[in-house]
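A.B. asks: I'd like to go over a predicted model; first the sequence, then the structure.
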Amino acid sequence: MSRWAAVLAGGSGTRFWPLSTSRSPKQMLSLTGSESLLAQAVRRLSGLIPPERILVITAEALCEATLEVLPELPPKNILAEPRAASTGPALVWATHRAQESDPDATLLSLHADWFVGDDAAFRETARRAMDVADRFDVLVAVGVVPSRPDVGYGYIVPGEVLDGDVRVITRFVEKPDAERATRLMREGALWNSGLFAWTARRFFLETEALAPEIAPHLTALRAGDVARYFREVRPIAVDVSHFERSRRVAVLPGRFPWDDVGTWAALARVRATDAAGNTSVGDVTAVDTAGTVAWADGGPVVLFGVRDLVVVRANSIVLVTTTERAAHLKDLLSRLPPPLRDPVS
């Protein structure tokens, strides 16, 4: 029995515009430290899963850049999707690759663009998740213990005890309002981090029984026709195709600092702030300014007498918005001409 990891590393380059682009999306950026989020994600697996059993799923256009960021991985372990079809089909492909090498493989699924504040605690939780998947023959979700009633996350409601702090999943709640999120926290609900584990055998049994968007196309995948598989499969998130439909799902609490760094404003949670709550990266000068995130790439940024803003200078573009509106950059980009939407990085 071998253990594998599938790292989801696609991306369209919209969440951190104008710094991010289609050629350098979020996971390729050094948003939380000195190395890219993708490099951090793979390094975090060190000592848990060897490089030869780490699979990275990305877009065809990002394949070369991914290899440059991860020279320790065999080139064959970079899985370039012919077409973006969400996480369900992608993880079926990765699980199939692992199972080809070992019919008894166990897989850990994670995203390449998270902030994790304690790598050792992450590895211990991931190891336990795979242990639970092996021992109880279930699909395992790691639910992070919430630190605030965040309305941008999905929540997992635990049910009866399976073993210790591992519980059967009662239901999923997707992005509740603030009042319901607060109530869910009081009731012991966990954030759905997107960190999952399963055995290849159980995963394919659930795929064939519960995922009609994917199951009819397994024949093409198993015949080695990946292009046909992605051409015909219906896009669906693995949360929906497997976890929300299955009765064999369990949740394990993850007690480590975690953030999906979903917007520019989130940098204030994962980077140092000054006494006024400002987060600054690059050549930034802030005077009489509070609660502002500023990123200076390609020249200085000066802030004077403002608060609760996001100011980004990158790729010859300056973005100024509020920390609240920073969550809606996708709406902004749909209104911009193509040269602004995807600047040359």
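C.D. replies: Arrived safely.

A.B. asks: what about the nearest residue to residue 199 once chain neighbours are set aside, neighbour count?
C.D. replies: Excluding the flanking residues, the one nearest residue 199 by C-beta to C-beta, 6 or more residues apart in numbering is residue 106, at 5.1 Å. All C-beta spots, glycine's among them, are computed from the backbone N, C-alpha and C. By other C-beta atoms under 10 Å, the residues close to residue 106 number 25.

A.B. asks: List the buried residues in stretch 333-341.
C.D. replies: 333, 341 (16 or more other C-beta atoms under 10 Å).

A.B. asks: repeat for stretch 161-180
C.D. replies: By 16+ other C-beta under 10 Å, the buried positions in stretch 161-180 come out as 162, 166, 167, 168, 169, 172, 173, 176.

A.B. asks: quick one on the thing from earlier: who does the residue nearest to residue 199 bridge with?
C.D. replies: With DSSP bridges applied, residue 106 shows beta-bridge pairing to residue 3, residue 199.

A.B. asks: surely it meets residue 202?
C.D. replies: No: counting by C-beta atoms under 8 Å, residue 106 does not reach residue 202; the two are 9.4 Å apart.

A.B. asks: shared neighbours of these two, anything?
C.D. replies: residue 133 (C-beta atoms under 8 Å, 6 or more residues apart in numbering).

A.B. asks: which stretches of the chain form helices?
C.D. replies: 37-43, 63-69, 87-101, 119-136, 178-186, 200-210, 218-222, 226-232, 238, 267-270, 329-333, 338-341 (DSSP state H).

A.B. asks: Tell me the one of the buried residues of stretch 161-180 nearest residue 255?
C.D. replies: residue 166 (13.3 Å; C-beta to C-beta).

A.B. asks: Would you mind listing where the chain has pLDDT under the threshold?
C.D. replies: Scanning the chain with the threshold set as pLDDT under 70 gives 13, 345.

A.B. asks: Name the residue closest to the centre of it, please.
C.D. replies: residue 111 (3.2 Å; C-alpha atoms, centre = their mean).

A.B. asks: List the residues that contact the residue lying closest to it once chain neighbours are set aside.
C.D. replies: Distances taken as C-beta to C-beta, 6+ apart put residue 8 closest to residue 111, at 4.9 Å, once the chain neighbours are dropped. If you count contacts by C-beta under 8 Å, 6+ apart, residue 8 has them with 57, 87, 90, 91, 109, 110, 111, 112.

A.B. asks: These: which two are farthest apart?
C.D. replies: Of all pairs drawn from the contacts of residue 8, the greatest distance, 13.4 Å, lies between 91 and 112 (C-beta to C-beta).

A.B. asks: could you pull out the strands for the stretch 151-300 of the chain?
C.D. replies: Ranges of strands in the stretch 151-300 of the chain, per DSSP state E, counting those that start in this stretch, are 155-163, 166-173, 190-199, 249-254, 258-259, 279-281, 284-287, 293-296.

A.B. asks: so can I have a markdown table of the ones you listed showing distance to residue 34?
C.D. replies: Compiled in a markdown table, the strands of the stretch 151-300 of the chain are given as follows (distance: least, C-beta to C-beta, whole Å):
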| stretch | distance to residue 34 |
| --- | --- |
| strand 155-163 | 33 |
| strand 166-173 | 36 |
| strand 190-199 | 24 |
| strand 249-254 | 25 |
| strand 258-259 | 18 |
| strand 279-281 | 11 |
| strand 284-287 | 17 |
| strand 293-296 | 15 |
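
A.B. asks: and of those strands, who's closest to residue 184?
C.D. replies: Where the strands of the stretch 151-300 of the chain are weighed against each other on C-beta to C-beta, the nearest is strand 155-163, at 4.9 Å.

A.B. asks: what is the orientation angle of that closest one with strand 249-254?
C.D. replies: 100 degrees (axes from the mean of the first three to the mean of the last three C-alpha atoms, to 10 degrees).
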